[in-house]
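Novice: Sequence and computational prediction follow.
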Amino acid sequence: MAGGKLRVGQVFRYASGKDPVPALLDGYDNFHHATHSPGLRRALLEAGINGMAKVAGPEGLRRPAILIRSSPWKAGSSETPWHDVFDLDHGHVRYFGDHKPGLKAAPGTTTGNAALLEAFNGHQAPTPTERAPATPLLLFRAVSRNGKPKGHVEFCGLGLAERAERVVQWGGREHTTFTNYVYDIALIDLTDEDDSVSWDWIHARRDPSLTPAQALASAPRAWRAWVKHGNSALPRLRRRVAKARITKVSDQRAAAGSPEAADLEAVYKRFDGNKHHFEAVAATVAARVLRGSGRRYTEGWLTRRSGDGGADFVGRLDLGSGLAGTSLVVLGQAKCIKPDSLVSAEQIARVVARLRRGWIGVYVTTGSYSEPAQVEMVEDQYPIALINGMDLIRELRAIARDDHGGDLFACLDHILTGTATTTNRRPEEILLE
């Protein structure tokens with residue numbers, strides 16, 4: 001049976017004995033257990049660039065994977081005069097090849113550079129058929145444990161080379177110049193695989209009886225998408241930590257036929273013809289959400305239908321007290337749309353564009369937020385809270401349960417009869433109340 005999974009951020013014990021048994025060593029996952037392929041040579045991290053032996057598959061020779069190890073504790077030394085860059089949050093690694101000062105061989109002919117340059121050519125292949133056997137890059141970096149810099153490695157992700165560039169560096173004890181290669185590596189998004197790579201995929205790539213297409217069936221979804229669409233798809237396939245904070249559209253929607261779905265549809269139909277009244281509902285729900293965890297929130301007013309400056313309601317969020325306190329203006333946007341509709345990044349950005357220093361936004365909708373909109377909000381650090389249709393109906397049902405015997409329509413009627421004042425006052429006036 002092949003090894004297990006490599007999870008991004010997982011630290012492995014890399015022991016000199018290279019025994020795949022046991023699964024745990026000194027309290028850490030055993031690297032050689034996780035990368036075990038029965039009957040085949042061990043996967044190694046002895047060098048910086050470790051190309052696995054090529055396999056003669058039905059399509060010809062292919063390399064199952066290249067395992068790359070960076071040793072930060074060696075950076076800047078005469079032995080390793082470069083500094084690799086691992087930016088896992090934004091899916092980018094800048095990795096220097098294995099040419100070193102004093103070597104007479106051409107830079108591209110050293111073992112590691114030759115393997116990576118060959119892989120780079122495969123990563124630039126123009127067709128899906130040519131990309132299918134392309135070599136995956138598995139990236140690791142040495143980490144210190146128990147005061148020792150050797151013996152442990154952290155898995156940093158799955159990558160492919162975007163660029164290969166020849167550079168001149170200073171190095172060696174005499175600090176002379178030498179030529180090397182540096183590689184810009186894109187880390188692939190592994191969200192669908194719970195941020196991990198299954199060794200079954202690499203094991204399949206080592207099986208000479210399987211075609212590249214057959215081995216590809218075990219690959220992560222984003223890698224398969226890259227094989228299909230090529231490097232033009234990298235911007236959406238690149239690993240970004242922001243995606244860990246993204247809620248899938250399907251998870252923002254109530255299950256078909258559920259009471260929540262029926263209630264949300266009823267709310268939408270109730271206000272579809274009078275969306276200004278929905279603003280009062282949105283303001284009430286926003287106040288309830290922002291008061292969560294004991295925060296102090298003051299409801300202000302609804303804005304007039306025209307000339308509202310992009311805000312449908314105004315409130316104030318108070319933090320701390322006295323000299324240790326401050327207040328934030330809250331601009332609210334209400335969007336009554338079909339429950340299966342999406343709010344786009346552009347729509348959120350229009351609200352954010354109207355925020356001033358010391359202001360935050362809150363967007364309330366009966367629909368959902370697209371994943372690109374959420375990614376943009378997280379990566380650009382938009383000061384805005386998003387309340388989707390599921391959140392909206394959950395809060396309304398809670399209000400109805402607590403104050404109206406579970407009658408949702410009585411709850412809505414009560415909100416509308418107690419509607420806040422509609423005015424065109426300036427939002428900052430809420431700070432004076």
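Specialist: All right, it came through fine.
Novice: all strands for the stretch 51-200 of the chain, in order.
Specialist: Ranges of strands within the stretch 51-200 of the chain are 55-57, 60-62, 66-70, 85-87, 92-96, 137-142, 152-171, 176-187, 196-198, based on DSSP state E, counting those that start in this stretch.
Novice: Please state the offset of the last one from the chain centre?
Specialist: The reference is to strand 196-198. Centre-to-centre, strand 196-198 and its host chain are 16 Å apart (Cα atoms, centre = their mean, to the nearest Å).
Novice: buried set for that strand?
Specialist: S196, V197, S198 (16 or more other Cβ atoms under 10 Å). (C-beta placed from N, C-alpha, C; glycine too.)
Novice: Likewise for the first one?
Specialist: Buried positions in strand 55-57, judged by neighbour count with 16+ other Cβ under 10 Å: V55, G57.
Novice: partners of it, with directions?
Specialist: strand 60-62 (antiparallel) (DSSP bridges).
Novice: need the helix or strand of this structure with the lowest average pLDDT.
Specialist: Across the helices and strands of the chain, mean confidence by mean pLDDT, DSSP states H and E is lowest for strand 422-423: a mean of 83.
Novice: Return the list of strands paired to it, each annotated with direction.
Specialist: Note on strand 422-423: by DSSP bridges, its sheet partners are strand 296-303 (parallel).
Novice: pLDDT (mean, whole number) over the strand it pairs with?
Specialist: Mean pLDDT, strand 296-303: 92.
Novice: what's the answer for stretch 311-319, then?
Specialist: Here the average pLDDT along stretch 311-319 is 93.
Novice: which of the residues in it are buried?
Specialist: Buried positions in stretch 311-319, judged by neighbour count with 16+ other Cβ under 10 Å: A311, D312, F313, V314, G315, R316, L317.
Novice: on that earlier part again, so which of the buried residues of strand 196-198 comes closest to A65?
Specialist: Nearest to A65, judged by Cβ to Cβ, of the buried residues of strand 196-198 is V197 at 9.5 Å.
Novice: Disregarding flanking residues, what is the spatial nearest neighbour of that closest one?
Specialist: Distances taken as Cβ to Cβ, 6 or more residues apart in numbering place L6 nearest to V197, at 4.8 Å, with adjacent residues excluded.
Novice: Isn't the one you found up against L138?
Specialist: Yes: assessed by Cβ atoms under 8 Å, L6 is found in contact with L138 at 6.9 Å.
Novice: who touches both of the two?
Specialist: Common neighbours of L6 and L138 (criterion: Cβ atoms under 8 Å, 6 or more residues apart in numbering): F155, V197.
Novice: hang on, M377 packs against A385?
Specialist: No: counting by Cβ under 8 Å, M377 does not reach A385; the two are 9.8 Å apart.
Novice: So if I had to pick from the two, which one is more boxed in?
Specialist: More neighbours surround M377 than the other of M377 and A385, with 23 against 18 (other Cβ atoms under 10 Å).
Novice: Now do the helices in the stretch 1-150 of the chain.
Specialist: 31-34, 111-123, 128-131 (DSSP state H, counting those that start in this stretch).
Novice: I am finished for the moment; much appreciated.
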